[in-house]
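**Student:** Show me the folded form of this:
(3 chains, ligands or ions: 2)
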Amino acid sequence: MATIFIPAQLKELSSGIGHVDVAADNVGEAIRQLDARFPGMKQRLCAGDELKPGLQVAIDGKMSSRGVLAKLDVAREVHFLPVIGGG
Amino acid sequence: MKAATSDEYKILGTRPIRHDGADKVTGKAKYGADVQFANLAHGKILRSPHAHARIKSIDTSAAEKVPGVFAVITANDFPDPQDKIADLGEGPVTLSHLGSNVMARGKVLYKGHAVAAVAATSTHVAEQALNLIQVDYEILEPVLWVLDAMAEDAPLLHENVFTDSMGEASEKPSNIEKHLHFEKGDIEQGFAEADIVIEREFKTASVHQGYIEPHVATADWNEDGQLRIWTSTQGSFTVRHQTAELVGIPLSRVTVYPCEIGGGFGGKIAVYLQPVAALLSRKSGRPVKLVMQRDEVFEGTGPTPGSFVRVKLGAKNDGTLTAGKAWIAFDAGAFPGGPIGPGCMCVFSCYDLPHATVDGYNVCNNKPKTQAYRAPGSTHVAYATENVLDEIAGELDLDPLDLRLKNAVKEGSRRVDGPVYPEIGCVEVLEAVKNSEHWNAPLEGPYRGRGLALGFWFNCGLKSSATANVNTDGTVTLIEGSTDIGGSRTSLAMQLAETLGLTAEEIHPQVADTDSVGYTDVTGGSRVTFATGLAVCKAGEDIQKQMRQQAAVLWDCDANEIEISGSTFSRNGNSISFQELAAKQLQLGEPIVGRATVAPDCSTNGFGAHIADVEVDPETGKTTVLRYTAIQDAGKAIHPSYVEGQMQGGAVQGIGWALNEEYFFGDAGDMKNASFLDYRMPTCLDVPMIETIIVEVPNPDHPFGVRGVGETPIVPPPAAITIAIHNATGVYMRELPASPPRLWKALQEA
Amino acid sequence: MSKKIHVTTTINGEPIEFLCEARHSLLEVLRDSLGLTGSKEGCNNGNCGACTVMLNGVPVDSCLVLGVEVEGATIETVEGIAQNGELHPIQQCFLEGAALQCGICTPGFLVAAKALLEKNPHPSEEEIRFNLAGNLCRCTGYDKIVRSVQAAASQLQETTS
Ligand code: FES
Ligand code: FES
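**Tutor:** Residues are numbered from 1 along each chain as shown, chains lettered A, B, ... in the order given. Ligands and ions are numbered 1, 2, ... in the order given. This is a model prediction of the structure:
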């Protein structure tokens, strides 16, 4: 079970709910479940089956490069964040 | 929570001479501009004199007829990249925007925007030809200031750019290309709980990375269709990717040879010259070299965003912060993209705020396309937050250090953007301030003041590869793909040496071209010593595995029975050194080649605090930095000299940002100070020694505890300096730079 | 294209002849005609010092000198600082003191610092900073450069006393 934090800008789709617990193997599956509960969520987070360019997923605070394929087996928290480019 | 002490390591924490040192002090090191070829043609780029205009026509016929001219190209020579988006490692880029920045298509969006290019026998001939190119412009109204560009009726840069609000596009096209919003807790409640609330607005000017080596690229489009590029870049693989996309050939057709690089700081990731040199080479049938002049670097390449930031903080009388609210607008420059994401994520990253909201806007305007500059976005926002915090300390009569310590983030603190911090060194850094000689030294005299500020930056993980060949003389050749801007070859070699029990000198590091090493992301994001370091450590372990097998052949036993300690392999009283085993490798089995590739998830977080003492001359408004100390958590400092160097260099760049550096734009959007004389970066006469204190709270994600250190040091200086100016004069400087005329005026008005 | 002019000069102790156009700077001649690419171009207008060379014993920005001006002159570039296969103490001190990061400014600093120490073997920190203020470095914050010049001064002092 992982807690998916709904980005503040998408709370309009979740009637203000800030996080939900889902049982999912990976981020893609978690997004599908989220979308089933709050329609439109996937469209905001994904382009096709991938995360939107410019978005990344942080699992327990660690930025993952695996996007929708990132595993959630031992995850506690999932956040969707802007990508960070360094200098 | 003490870091591993230096005596646990033999190599880490020592200061060997860098491997490329002799080449660099004798003038032998080959930088991009030092590349020479027989038959080399020299290119030049024609740039727009207008900040915003439609290109009605370009006539190159007269230029083509100049004797000695080999080729002239415009955007029409590039394939149309359409709407494709490419992931360039550090973030996505819309290829049509990248392409239009390299060579303007239809419109010019800033003064200095490239519109055509010439290759000729010499730069002088190329320049003559440029003067003969006729461009017919329809001049449009430019918009420069970020808030002006956000206005409903502002001149629109792009018909096809809409405001993206996390996946939802605005109905009408807009200069605002992105809106981000974060929230934590209940902001109303947070401010209601506060005894004091302060809200202030801050502005910062466009500043440039200011690397001393101008952009340069030489391309040779071979008769067999293979394209080779020698260039100065922070990432040879990203140059390969961008160039292949923009000139429309498969990636494998391009080889990028990274030359020594004369500074980058984030500004040498996007391509400018490489695709242009490539097409000029194809058209002229010769290798073509393009080198920018300094004014082209200022006008045509990435400054960091100018910004407007509003920060509101609430606190209880005892100094506990209850709420924070930030509203941030950054210049994108001519095309979408920029560090608004990290800007929003960094604005409150040092403090544990129970309730907060952050809004960020990235706004297209008629300036060069902004590029990353050391901790992109973080300096702007730290300047605002730290100043407001300092004002709260003043109002509540609290010690500014204690106020920061009281609210500092620690392991388990939840960030406003959501994630929870792992083990971090923010408190340890502040404690190091408290114990420092500088913080406890008296500062007396009129118009003198001391400022303290905190800063934060992430470390990117991304991807790295390394190969390590064991030589029969017992040394190891390390092949990696991270271009070395500040001694990283050596910090990587040291990590391999530590892993294998060798000396730094027994490792021979080489930065290889894109055909000779596995994929490696850019030198940026404070990632090389961390992530490429991780690859290097793993390649070392791979070597040990193979050598263990060879020792097992030697002693006719199972490889698992062999123990390794330092450089000694042993079993049952038998032992053999790394060197002896290396010498026997060709008898015992296959040549030993270690390899590793990594893509670490990462959460490493770097905190730093700076202390500045300044003296202000009330008659001129000039600020002199009397004393300066940078304190930073490095996780584990591999080569302390180069860690200190990063801290010192970043601090001085930040001092320049605070006190002098800015793009002056005329009404027509033209930069008025595109030279090192008028864009005043600090000289050595402008700064004192920069004292450093390295704190080591190990990073749990790296075998040696390394945290990246390259970027955090530019974050605190503008805040530390302006707070010091306030303590010296009573005046808060809420616009950067706090240059003499601006400070003088503020003193007159005070 | 203008006619080339014949120039005779001494560079790093060797007599050198070259041909250059009237508009060619000394920096262009050194780098493009003579292959001495150790001197760097950072600005091409006298503001960064990356192109510093010694001209008749005086440090100058070679981008501001014309090739034709050096007829009969003696020039020393960064390539001439190490002698007989050995680094000069100033070079050694720059390496030991980590006075370079990217290294693009280093040739200019070495030439300027060597010139300073020849004129003034015991410069104060202020004098070092004043004399090197024509050389820009964006990477180091100057701290380790100034300290390395100080170290070189004391080392040179020991070897001469
Ligand atoms: S290149 Fe000569 S001073 Fe900059
Ligand atoms: S070391 Fe890079 S400019 Fe000085």
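
**Student:** Where does residue B:636 sit: helix, strand or coil?
**Tutor:** When classified by DSSP: H, G, I helix; E, B strand; the rest coil, residue B:636 comes out as coil.

**Student:** State the pLDDT value of it.
**Tutor:** Here the pLDDT value assigned to residue B:636 is 94.

**Student:** Run a quick neighbour tally on the closest residue to it other than its chain neighbours.
**Tutor:** Leaving out its chain neighbours, the residue that sits closest to residue B:636 by C-beta to C-beta, 6 or more residues apart in numbering or on different chains is residue B:705, at 4.0 Å. The C-beta positions use only the backbone N, C-alpha and C, and glycine is treated the same way. When neighbours are defined as other C-beta atoms under 10 Å in any protein chain shown, residue B:705 has 22 of them.

**Student:** so residue B:705 sits right up against residue B:637, yeah?
**Tutor:** No - taking C-beta atoms under 8 Å as the definition, residue B:705 is not a contact partner of residue B:637, at 9.8 Å.

**Student:** residues shared between the contacts of these two?
**Tutor:** residue B:696 (C-beta atoms under 8 Å, 6 or more residues apart in numbering or on different chains).

**Student:** Which other helices and strands does the longest helix belonging to chain C contact?
**Tutor:** The single longest helix within chain C, with elements called by DSSP state H, is helix C:143-160. With contacts defined as 3 or more C-beta pairs under 8 Å, 6 or more residues apart in numbering or on different chains; DSSP states H and E, the packing partners of helix C:143-160 are helix B:640-659, helix C:89-96, helix C:106-119, helix C:125-131.

**Student:** tell me the mean pLDDT for it?
**Tutor:** Helix C:143-160 comes out at a mean pLDDT of 94.

**Student:** now do stretch B:115-125
**Tutor:** 97.

**Student:** Run the chain-centre distance for that stretch.
**Tutor:** Here the centre of stretch B:115-125 is set off from its chain's centre by 31 Å, with C-alpha atoms, centre = their mean, to the nearest Å.

**Student:** can I assume residue A:77 is in contact with residue B:415?
**Tutor:** No - with contact defined as C-beta under 8 Å, residue A:77 does not reach residue B:415; the gap is 11.5 Å.

**Student:** so which of the helices and strands packed on helix C:143-160 is the most packed in?
**Tutor:** helix B:640-659 (a mean of 28; mean count of other C-beta atoms under 10 Å in any protein chain shown).

**Student:** Helix C:143-160 and the helix or strand that that helix is followed by, what's the angle between them?
**Tutor:** Sequence order places strand B:690-695 as the next helix or strand after helix B:640-659, per DSSP states H and E. If you take axes from the mean of the first three to the mean of the last three C-alpha atoms, to 10 degrees, strand B:690-695 sits at 110 degrees to helix C:143-160.

**Student:** Is chain C within reach of strand B:690-695?
**Tutor:** Yes - Strand B:690-695 reaches chain C (C-beta under 8 Å from any C-beta of the partner chain) through residue B:690.

**Student:** Which one's more surrounded, residue A:77 and residue B:415?
**Tutor:** Higher neighbour count among residue A:77 and residue B:415: residue B:415, with 24 against 17, using other C-beta under 10 Å.

**Student:** and stretch B:365-385, what's its mean pLDDT?
**Tutor:** 97.

**Student:** quick check, it touching ligand 2?
**Tutor:** No - on the criterion C-beta under 6 Å from any ligand atom, stretch B:365-385 is out of touch with ligand 2, staying 13.3 Å away.

**Student:** Briefly note if that stretch comes near chain A.
**Tutor:** Yes - applying C-beta under 8 Å from any C-beta, one finds stretch B:365-385 touching chain A at B:372-376.

**Student:** ok, those vs ligand 2, which is closest?
**Tutor:** Nearest to ligand 2, judged by C-beta to the nearest ligand atom, of those is residue B:374 at 13.3 Å.

**Student:** Contacts only, for the closest one.
**Tutor:** A:87, B:209, B:265-266, B:650, B:653, B:710-711, B:713-714.

**Student:** Could you do residue B:82 as well?
**Tutor:** Residue B:82 touches B:95-96, counting by C-beta under 8 Å, 6+ apart.

**Student:** Residue B:21 now?
**Tutor:** Residue B:21 neighbours (C-beta under 8 Å, 6+ apart): C:95, C:100.

**Student:** CA atoms only for stretch B:668-682, dumped as CSV, please.
**Tutor:** Extracted in CSV, the C-alpha atoms of stretch B:668-682 (Å, rounded to 0.1, in the frame of the first residue of the first chain):
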residue,chain,number,x,y,z
ALA,B,668,14.4,48.6,-27.7
GLY,B,669,15.4,45.5,-25.7
ASP,B,670,19.0,45.8,-26.7
MET,B,671,21.7,44.9,-24.1
LYS,B,672,23.8,47.9,-23.4
ASN,B,673,26.7,46.2,-21.6
ALA,B,674,27.7,43.1,-23.6
SER,B,675,31.4,43.1,-22.6
PHE,B,676,33.4,42.1,-19.6
LEU,B,677,34.2,45.8,-19.1
ASP,B,678,30.6,46.8,-18.7
TYR,B,679,29.2,43.6,-17.3
ARG,B,680,31.3,43.8,-14.2
MET,B,681,32.2,40.4,-12.8
PRO,B,682,34.3,40.3,-9.6
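
**Student:** Number of residues surrounding the residue in the stretch 201-350 of chain B that ligand 1 sits nearest to?
**Tutor:** Nearest residue of the stretch 201-350 of chain B to ligand 1: residue B:294, at 7.6 Å (C-beta to the nearest ligand atom). As a burial measure, residue B:294 scores 21 neighbours (other C-beta under 10 Å).
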